[in-house]
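Enquirer: quick one, what's the 3D model for this:
(one chain, ligands or ions: 1)
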Amino acid sequence: MFREPTWEKTIDTNGKGREKAMSRTNVEFLPRDAVHQLQMERLQMTLNRAYFNVDFYRQRMDNLKILPEDVALLNDFRAFPFTTRQDLADHYPYGLFAEPLKSIVRLKISTPGLGDRGKPVVIGFTRHDVAMWQDLMVRLFQQLGITDRDIVQVAFNFSLFPGAFTFNHAAELIGATLAPSATISATMQLQIMQDFRSTVLATSSAFALHMVETMERLGFTGAELNLRLVMLGPDPLWEETRERLENGFRVPVYGLYGVAEMVEPGIAGECSAKDGLHLAEDQFLVEIVHPVTGEPVPRGQEGELVLTTLTAEAYPLLRYRTGDITVLKESPCSCGRSLARITPVLRRTDNRVSIRGISLYPENVEEFLTSLDPDLQDIRLVITTSYGIGEHLEILLARDPARPFPEGNRSQYLDSMRSHVRRALGFGTKVQLVDFERLPKEGLIYKTVFRTLPPLSSPE
Ligand SMILES: [Zn+2]
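Expert: Numbering: from 1, shown residues only. All right, here's what the predicted structure looks like:
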């Protein structure tokens, strides 16, 4: 059986473990049949863990009259029901944990924004799970050629995107110089980038676009920076966005992928070939299914990504429906890695939208607002986008004109709604009252309208 060392064994405190650590990336170059064999061995361990430690999964297997050892082939496993986000919420907080709390070293709460029909989802990590996540991030860094010579500027909103911390950890594990610049303005970010001679920028697509526009407004180009590459998460990276950013920064721009209920980012990432995101198939079993029938789609066709954790100790998930539509590519990659790739997420199977990397479900927003004011007639979310990325959210409310404002008068009412929304969402939004007849006609996504932001208009 293929064996891989763990980070604890390969990294020593003075950083000299780097060369040894590099060798562990050989899992990325295994022949496909060895990858499949490794997956089936690990799936067996995961099934045992789920059966003996998680009531939810044991009941499901008992109902199917299947024991973990009955699953010898991938086809056997396809008899298992899917796990959905609703299952996770239904067992909040610790119902799906496979380890006692004393073994959990980190919790991660995932809320779909406002409302959430009651319950968020909390997942847990043991020490081993944390090391695995860090290891995956190191792999994604190394597959882009980031080394201890790099200066990595990490510009994320750490409170809104918990996965941002893993960029810090990965940079430090590699021995690169970390420059966490968090949420300071684009002008200051660019100043730091020049002063520190940062070689790698890690940020969101929306903020990267804003930085490019700021740079152009200030009258300088990417050629005057020391940057080597830009890595983006957690939103999917569209080719149009990549082109705009590469023209602005004048360096290659790469995308990453993760799932909030597992690790985000860390599940997949691009290599220098930019021909899809290599999946960590040694840690996740991948299926692509038809989003309605749940049946496997023919090779090369788009479908919903379904993932099974293969080494997670604290929170094993069997056949988890990510809601992300993508295409699996198993053809050889020019970089030589044998791990399969996915395209950036083409769309969602549900109504989830994203504003500055923060996910929201419009129906949950509606439920939340109606709980604050039962006399609302209707709502619209107006999302302003730039290069297809949600930048700003405006909420339009139409309420029954015959009913008095619950907060006394119109301006008090709006102030109160704005502050409730800000608290629930974590960032401020415009909230306006309009007549029911004047609400814009909703688009393809429930009660949501998209407006395109003209380029070069982002406020500093
Ligand atoms: Zn590749």
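
Enquirer: quick one: the helices in the stretch 151-300 of the chain?
Expert: Along the stretch 151-300 of the chain, counting by DSSP state H, counting those that start in this stretch, helices occupy 164-174, 186-196, 205-218, 239-249.

Enquirer: what lies in contact with the first one?
Expert: Residues outside helix 164-174 that contact it (CB atoms under 8 Å, 6 or more residues apart in numbering) are 7, 11, 18, 21, 133-134, 137-138, 140-142, 146-148, 150, 152, 154, 156-158, 177-178, 180, 200, 202, 263, 265-266. Just so you know, the C-beta spots here come from the backbone N, C-alpha and C atoms, and that holds for glycine as well.

Enquirer: just the buried residues of the residues you listed.
Expert: 7, 11, 18, 21, 133-134, 137-138, 140-142, 146, 150, 152, 154, 156-157, 177-178, 180, 200, 202, 263, 265-266 (16 or more other CB atoms under 10 Å).

Enquirer: returning to that earlier point: go through the helices of the stretch 151-300 of the chain and name the closest to the ion.
Expert: helix 239-249 (15.9 Å; CB to the ion).

Enquirer: so which bits of that closest one are buried?
Expert: 241-242, 244-246, 248-249.

Enquirer: and the nearest residue to residue 326 once chain neighbours are set aside, bridged to which residues?
Expert: Counting by CB to CB, 6 or more residues apart in numbering, residue 342 is the residue found nearest to residue 326 once chain neighbours are left out, at 4.4 Å. Beta bridges link residue 342 to residue 277, residue 328, judged by DSSP bridges.

Enquirer: what sits against residue 342?
Expert: Counted by CB under 8 Å, 6+ apart, residue 342 has contacts 257, 268, 276-277, 279, 286, 305, 326-329.

Enquirer: let's see that with 7 Å instead.
Expert: 257, 268, 276-277, 279, 305, 326-328 (CB atoms under 7 Å, 6 or more residues apart in numbering).

Enquirer: what count of nearby residues applies to residue 101?
Expert: Other residues near residue 101 number 10, with proximity taken as other CB atoms under 10 Å.

Enquirer: how near is the closest residue to it other than its chain neighbours to residue 315?
Expert: In space, residue 101 comes closest to residue 94 once its chain neighbours are excluded; the distance is 7.2 Å by CB to CB, 6+ apart. Residue 94 sits 10 Å away from residue 315, going by CB to CB, to the nearest Å.

Enquirer: higher neighbour count, the two?
Expert: residue 315 (25 against 15).

Enquirer: the ion contacts on the stretch 151-300 of the chain?
Expert: Residues of the stretch 151-300 of the chain lying near the ion by CB under 5 Å from the ion: 271, 273.

Enquirer: count the residues that sit near the residue of the stretch 151-300 of the chain found nearest the ion.
Expert: Nearest residue of the stretch 151-300 of the chain to the ion, counting by CB to the ion: residue 271, 3.3 Å away. The number of residues packed near residue 271 is 22, by other CB under 10 Å.

Enquirer: kindly report the same for residue 408.
Expert: By other CB under 10 Å, neighbour count at residue 408 equals 10.

Enquirer: ditto for residue 33
Expert: 9.

Enquirer: sec struct for it, please.
Expert: Put simply, residue 33 is helix when judged by DSSP: H, G, I helix; E, B strand; the rest coil.

Enquirer: please renumber the chain so that the first residue is 58 from this point on.
Expert: Okay, residue one is now 58; in that scheme the one you just asked about reads as residue 90.

Enquirer: for it, give me the pLDDT.
Expert: pLDDT, residue 90: 94.

Enquirer: let me see the contact set for it.
Expert: Residues near residue 90 by CB under 7 Å, 6+ apart: none.

Enquirer: same thing with residue 438?
Expert: By CB under 7 Å, 6+ apart, residue 438 lies in contact with 419, 422, 450, 452, 504-505.

Enquirer: one step back: the residue of the stretch 208-357 of the chain closest to the ion reaches residue 396, doesn't it?
Expert: No. Taking CB atoms under 7 Å as the definition, residue 328 is not a contact partner of residue 396, at 9.4 Å.

Enquirer: name the residues contacting each of these two.
Expert: With CB under 7 Å, 6+ apart as the test, residue 328 and residue 396 both reach residue 335.

Enquirer: ok, and the closest non-adjacent residue to the residue of the stretch 208-357 of the chain closest to the ion?
Expert: Counting by CB to CB, 6+ apart, the residue nearest residue 328 is residue 392, at 4.3 Å.

Enquirer: burial of that neighbour, as a residue count?
Expert: 16.

Enquirer: likewise the one 10 residues further on?
Expert: Here the neighbour count serves as a burial measure; for residue 402 (other CB under 10 Å) it reads 19.
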